[in-house]
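Visitor: No letters, just coordinates:
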């Protein structure tokens, strides 16, 4: 039996708790949440004990593993302490929002010899899994591009901490990981541009949009685009498209609608492949956390680890640096 | 612990066996398969015992429930015998391909008081589940339409028994069930047309295409179209589209590609939401059979039952009758 | 020099007048319009004289040809009188909304020996023209389907005479002609269903939706669907899709958006291929009327003639009859 | 009456000649073409005289205007000489493939005081015209992106001079112009990456793919992507998509298929809005050249002029420089 604690009792923490309910040989022992209100809600929603801090969670329940589901910028202290306590880790993407934090977490993980999955949940997204399978048929990668954007709803309403994040930190970890996974290429250089002002006028002082160009050591290239300023009048909150062109074929995906269009004043369309299908909870995050638990039980592969997570954080730091300096940066050359 | 036997050890039978592996409180005790070759393959693939007949399966393993995964036209004898033996049933759609057979099975199920799920797996299709959820926002149904077609590959290569089935029997059970589920309307009349000849020239003596018009007791209408003659040069074997227009909105779905396009000589695109995602087997059929087993374990709802299955068969019989007679038929009026 | 008069000075009449402006060897001599208000507007918009009736138009200007752009049900008297006066005709589709009217017009046209184009403008729709070209590559037609629907806007706001028309009369002439043109098949039987009530509650006493099944003398089949009840919350007023499946390929079209999506509170998307491109007026209706004039000038082919127009009207009458009687009708057998 | 000569008698030159046939007050006096074979073909196809050089064309026919339809890199000598001879100009995009050439042409045009249209034909593309109209409803531009790519067919088969051009020079003039037109923004900086090798292996020594990031003086940004390596197994030779996100809405276009899909071994899908519709030649290039001629006749606006054309060339030169140097370049700052 593997015991798991969850730090962060917001939507994601509760989703993970629910996804692990009834999984064989796994027990969620409790959650940790500093906000008393959120803690109370989580207690009601999950029936699980909720401590005020991750330290208290560790102390009280001594779980075998901990899921870090706090906001992007609030991973370091928790992850380092958890690793030092010898607990395995699932850390939500991005590992951290500074290279320092990411490397500190990685060092702690390596020192302690604990296992660690970074939550790049697109590895469990059915369309992305199919795209990965298709890569075997398209030859060597020539170039790739990915757009992942949100409507204003996400930074202005869904996230309370959008001002401390950005389209680069909230969205690009998904697409950076996606392209690295699909192509297997290693990054060499990063150029990027971005703009601010529209969200700032709404009180959220962060980038409106970020675009980046990457080159890789196999000579291939990629573009990444993420905006937080799509109109809310559209019928979804996510615009997700990508394309890989290989020497013998191409994969092109537009996952924004997945073929389903609802026109109604009362409906906001959701992602078809998430939520509940009959008795099954489905969706990338659900399958990811269930596989994490199963891997802890049987020692099997967990998925993308801490070093990959650090690389993704380093790439996004490089994107930020490229925007700020207005110059191409090459942090990955040996 | 619930024990389950599976009759029919082809692709579907094995898929069900795999989907039930490791489900809590459920054991698949064995399969039944008359073909020695197929039986041998299934033994290798599943590691389960395979008997030569359903009777032998019942006798040898006395399971609590039986899944009938034989070809469409070969359900009656098995299902009746299984019901009479007091076993619960999952019968693949359609229940049967004659009204007689369907009603005989229903009578046996009712007499024996066993539980029965008819395998309308679109109830577990994520896009259809979302469409059903969206129906709450589109007002009263005015009209609906559904197209579900296959490329030549399905009747000529995938199915060995296509000549004993048809687009009406193989495809329309899905779309008839879909529209009945989405709208909740009761059928009144059926008109239909069809044509034959193209498949017949390839040695498969059945309908090339069938179209039907339905009216319902709430005054609404529907069209259904299914062809088995789409070109194989396209990049999928299924064309699945539907639309419901309500008084306050509409739902329109094109599930043929679901947003993923692969161009390559070597790739035949599949359905994103089926197969394996990490450690999870996913897909409508998987979730359906797992819910069937779970419902047997805890007594919960199984999904669409035998009477609904009979209605769907009756509608398709009416479609056949309407084609043959060239007249509108009204078999459902009281 | 060919002189042309236009009967009906609404949107279509003015569009035709504008499209003929500056065409070589063609002069629009005037319009006819019974409504004084509409006539005044048309005078301002076009700078052309507007008479109160078609008779006055004929008398005053004695044009070589007349375009009949009055509402669907108001063609007969005008067209017959124009033909009897020996003038060539462009009659908007449908020729008429009763078989009697259509045949009376055809008789007058044939008696007078005048030339006549029925305005099936999809023959000049770029996407349909491409689809027609593609038909050469898809083998013999097996089956076809076409949906052409409008949002509530069209019957409730755009048309003042919607109550005297229907989705069958306003929309299906386009799709009936489309399928006849693409496949070249001859109709044999018609089944149809429809429903009323939703538009009636808004004061427009006509069909909400009509569906029809057709069989053809080459054994092929078709379905036609037209609704006037799509939600206005969508971003267009037209849903236009069709598919032809042939023995060696298929043509599938979704012309509702043609690849352009605008999300904005202030924008109602239009058809990309109509309106003004630089100095050119473009669009199916424009090219149709210009070709009509050019054909009058040089004696070249005008396009679909009166007998084809009568056939389309007869098919839609058969659809109405099939709905009313609830039976399959076979008016075309010899 | 305006007389026009055309330099370059390939596909584009002949298309322009055909498009001007029968235009009021316009005569195409002849073409110029150095290749004897091509000249012979053009003579047969157009019935027009074809001289061996632009100088001979000028000398022999002394046209009022000249259309320069030679390969991208072969504009300077012709355009300068034509301008110096006091003739008006339509120069195909890009004006030139070096800044030097472009500025030399501009200087000659300005010195001679002749009129000049640069052939950015998307200004006459119906979908782009609609997108431009929609811009009025989406507020201030935040960011934009555009992809315009070709399958291998274009560089390997369609163009004999692909090795002297590139995706940047052949495709990006369209998308650079598109974004400048839609947003009205002025460029400030350019970053870019590209790769070579795949086409080189096929004997065409140029870029396989080019990506660029732009910043503008209003703070907005853009990405541009063009590849010449899409698989030929797809059903078109052009992938054209763009998106503009504004403060109050967005415009998203995927013009690759425009809603029409043909599946057949024998068909290669084309652009619906080009070619012949009834008697009308249609398409962006047709309307552009007809408007050029009409503007010469009546003195009206011609469209994007030489200075805009120079700016587009300067941007593409900057993209090349950014790729070569691996650094962001800022050639446009004052």
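Guide: The structure has been received and is ready for your questions. What you are looking at is a predicted structure, and each value in this text was computed from that prediction instead of being measured. Residues are numbered from 1 along each chain as shown, chains lettered A, B, ... in the order given.
Visitor: I'd guessed residue A:247 sits against residue D:201; true?
Guide: No - Residue A:247 is not in contact with residue D:201 according to Cβ atoms under 8 Å; the separation is 9.1 Å. In this view, the C-beta of every residue, glycine as well, is placed from N, C-alpha and C.
Visitor: which one of these two has more residues nearby?
Guide: residue A:247 (16 against 11; other Cβ atoms under 10 Å in any protein chain shown).
Visitor: residue contacts, that one?
Guide: When contacts are counted by Cβ atoms under 8 Å, 6 or more residues apart in numbering or on different chains, residue A:247 touches A:138-140, A:142, D:198, D:229.
Visitor: Go ahead and flag the most central residue of chain A.
Guide: In chain A, the C-alpha nearest the mean C-alpha coordinate belongs to residue A:93, at 3.4 Å (Cα atoms, centre = their mean).
Visitor: So for that one, what's the pLDDT?
Guide: We have a pLDDT of 96 for residue A:93.
Visitor: try residue A:334
Guide: Residue A:334 carries a pLDDT value of 55.
Visitor: Check residue A:235 too.
Guide: On the pLDDT scale, residue A:235 is placed at 68.
Visitor: Just the buried residues of the contacts of residue A:247.
Guide: A:138-139, A:142, D:198, D:229 (16 or more other Cβ atoms under 10 Å in any protein chain shown).
Visitor: Going by distance to residue C:22, which of those wins?
Guide: residue D:229 (45.4 Å; Cβ to Cβ).
Visitor: Please name the residues that touch the residue of the stretch 101-250 of chain A found nearest chain D.
Guide: Among all residues of the stretch 101-250 of chain A, residue A:191 sits closest to chain D, at 3.8 Å; criterion: Cβ to the nearest Cβ. Counting by Cβ under 8 Å, 6+ apart, residue A:191 touches A:212-213, A:322, A:327-329, D:191-193, D:213, D:328.
Visitor: so how far is residue D:192 from it?
Guide: Distance, residue A:191 to residue D:192, by Cβ to Cβ, to the nearest Å: 8 Å.
Visitor: between the two, what contacts are shared?
Guide: A:213, D:213.
Visitor: quick revisit: spatially nearest residue to the residue nearest to the centre of chain A, not counting backbone neighbours?
Guide: residue A:173 (4.2 Å; Cβ to Cβ, 6 or more residues apart in numbering or on different chains).
Visitor: Let's see which of the buried ones among the contacts of residue A:247 end up in helices.
Guide: Cross-referencing these against helices under DSSP state H gives residue D:198.
Visitor: Can you redo the buried ones among the contacts of residue A:247 as JSON lines, where the extra columns are pLDDT?
Guide: Output for the buried ones among the contacts of residue A:247, formatted as JSON lines (pLDDT from 0 to 100):
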{"residue": "A:138", "pLDDT": "92"}
{"residue": "A:139", "pLDDT": "94"}
{"residue": "A:142", "pLDDT": "97"}
{"residue": "D:198", "pLDDT": "97"}
{"residue": "D:229", "pLDDT": "97"}
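Visitor: Could you point out which of the buried ones among the contacts of residue A:247 is nearest to chain B?
Guide: Distances from chain B to the buried ones among the contacts of residue A:247, taken by Cβ to the nearest Cβ, are shortest for residue A:138, at 5.4 Å.
Visitor: Wait, that closest one touches residue A:243, no?
Guide: No - between residue A:138 and residue A:243 there is no contact under Cβ under 8 Å: 10.7 Å.
Visitor: mind listing which of the contacts of residue A:247 are in strands?
Guide: Using DSSP state E, the members of the contacts of residue A:247 that fall in strands are residue A:142.
Visitor: Reformat the contacts of residue A:247 as TSV; add distance to chain B.
Guide: Output for the contacts of residue A:247, formatted as TSV (distance: Cβ to the nearest Cβ, whole Å):
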residue	distance to chain B
A:138	5
A:139	8
A:140	13
A:142	13
D:198	15
D:229	12
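Visitor: where does the stretch 101-250 of chain A have low pLDDT?
Guide: A:235 (pLDDT under 70).
Visitor: one step back: and which of the contacts of residue A:247 is nearest residue D:304?
Guide: So of the contacts of residue A:247, ranked by how close each gets to residue D:304 (Cβ to Cβ), first place is residue D:229, at 29.1 Å.
Visitor: Tell me the spacing between that closest one and chain C.
Guide: Distance from residue D:229 to chain C, counting by Cβ to the nearest Cβ, to the nearest Å: 23 Å.
Visitor: Kindly report the same for residue A:207.
Guide: 21 Å.
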